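**Student:** okay, here's the prediction I keep looking at, along with the sequence it came from:
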Amino acid sequence: MNKYIIEIKNLSFSYDKEKVLENINVGIKKEDFFAIIGPNGGGKSTFLKLLLGILKPNSGEIKVFGKNVEENFLKFGYVPQDTGTNKNFPIKAIDVVLQGRLGLSKKFWGFSKEDLQICKNALEKVGVLEFQNKKIAELSGGQRQRVFIARALATNADILVLDEPTASIDSKGQISLYGTLKELNKDKCIITVSHDVNVILGFANKVAYINKTLYLHDSPATNKAKILQDIGSLDTHICPIELMVNENMCLHSHTKGKKDA
């Protein structure tokens, strides 16, 4: 049995003539908390869109549980960075989560008691069940984000994909939310794009640095020694993971064997 639930081989993508991603090869396991970091314009959002089947690669392939993305897109529960919801729209938290049951409900019209229970369970898992009858506008940024994660959970997806889930949340809220995701990671694969490098490294076990191509690292939280061993010559890839693990490494790029005067 294949150990990877997602396999990406020789993946490349261009917008018109501009190459955004080139020769991406990576495998993701069910137990992974897989963080994606990298510079703006490096291809992180494009990578997610390819993973979710929104875009099609120019070359290469993506397999999800051994099948093409189009055949297994329901395996993903997606939480976008911009939820697209008007915060002033008079919709309750529970109604937002019920959106995750659209197309899945066994009831011909509306939602069943089973759907409602699934959604309440999802809200409870992310710690906001008490706000189920609150309007979205009445919730804090962190509480709203938990509601949208609950919506993704309500789809019964095996893989949660989140794009900048803590973009509008303070540092305390970031740690709390990532702690919740780590708990969900016990039975679901978590894939998240993040700029909160200092925070995410305490929770992820794999970190992918994307800047046109992909460099995969074990998280410092799981294997600092291996990262230091993998750091080769300074004229190759240097990313925040390496800089944070090795306090003696500077922010400059050097030719191998040379240092700044």
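**Tutor:** Yep, that arrived. Being a predicted model, the structure only gives us computed values, none of them experimental.

**Student:** which helix or which strand is home to L216?
**Tutor:** L216 belongs to strand 213-218 when elements are defined using DSSP states H and E.

**Student:** next one: that strand to chain centre, how far?
**Tutor:** Distance of strand 213-218 from its chain centroid, counting by CA atoms, centre = their mean, to the nearest Å, is 15 Å.

**Student:** same deal with stretch 159-176?
**Tutor:** 10 Å.

**Student:** contact partners of it?
**Tutor:** 5-6, 45, 48, 51-52, 64, 75-81, 140-142, 145, 149, 152-153, 177-178, 181, 184, 188-196, 199, 202 (CB atoms under 8 Å, 6 or more residues apart in numbering). Glycine gets a C-beta too; all of them are placed from N, C-alpha and C.

**Student:** quick one: C189 from I118, how far?
**Tutor:** 20 Å (CB to CB, to the nearest Å).

**Student:** then L139?
**Tutor:** Where I118 is concerned, L139 sits at a distance of 21 Å (CB to CB).

**Student:** so the two - more neighbours on which side?
**Tutor:** I118 (22 against 18; other CB atoms under 10 Å).

**Student:** and E18, how far from L48?
**Tutor:** Note on E18: its distance to L48, by CB to CB, is 18 Å.

**Student:** these two: who's more crowded?
**Tutor:** With neighbours defined as other CB under 10 Å, E18 and L48 compare such that L48 has more, 23 against 7.

**Student:** secondary structure element holding that one?
**Tutor:** helix 44-51.

**Student:** tell me the angle of the very next helix or strand once past that helix relative to helix 44-51?
**Tutor:** Moving toward the C-terminus from helix 44-51, the next helix or strand (DSSP H and E) is strand 59-64. Angle, strand 59-64 to helix 44-51, by axes from the mean of the first three to the mean of the last three CA atoms, to 10 degrees: 70 degrees.

**Student:** doesn't I200 make contact with Y209?
**Tutor:** No - if you go by CB atoms under 8 Å, Y209 and I200 don't touch, sitting 11.9 Å apart.

**Student:** identify the contacts common to the two.
**Tutor:** I37.

**Student:** how about the contacts made by the residue nearest to V26 when sequence neighbours are not counted?
**Tutor:** Distance criterion CB to CB, 6 or more residues apart in numbering; nearest residue to V26, sequence neighbours excluded, is I8 at 5.1 Å. With contact taken as CB under 8 Å, 6+ apart, I8 is in contact with 24-27, 51, 60-63.

**Student:** paired strands for whatever helix or strand S14 lives in, with orientation please.
**Tutor:** Element membership of S14, judged by DSSP H and E, is strand 6-15. If you go by DSSP bridges, strand 6-15 pairs up with strand 18-28 (antiparallel), strand 59-64 (antiparallel).

**Student:** pull that strand out as CSV, backbone CA atoms only.
**Tutor:** C-alpha atoms of strand 6-15 as CSV (Å, rounded to 0.1, in the frame of the first residue of the first chain):
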residue,chain,number,x,y,z
ILE,A,6,-1.0,12.9,-2.2
GLU,A,7,1.8,12.4,-4.8
ILE,A,8,3.0,15.2,-7.0
LYS,A,9,5.4,14.3,-9.8
ASN,A,10,7.3,16.6,-12.2
LEU,A,11,4.7,19.4,-11.8
SER,A,12,5.1,22.6,-13.8
PHE,A,13,2.7,25.5,-14.4
SER,A,14,2.8,28.8,-16.3
TYR,A,15,0.5,31.7,-16.7
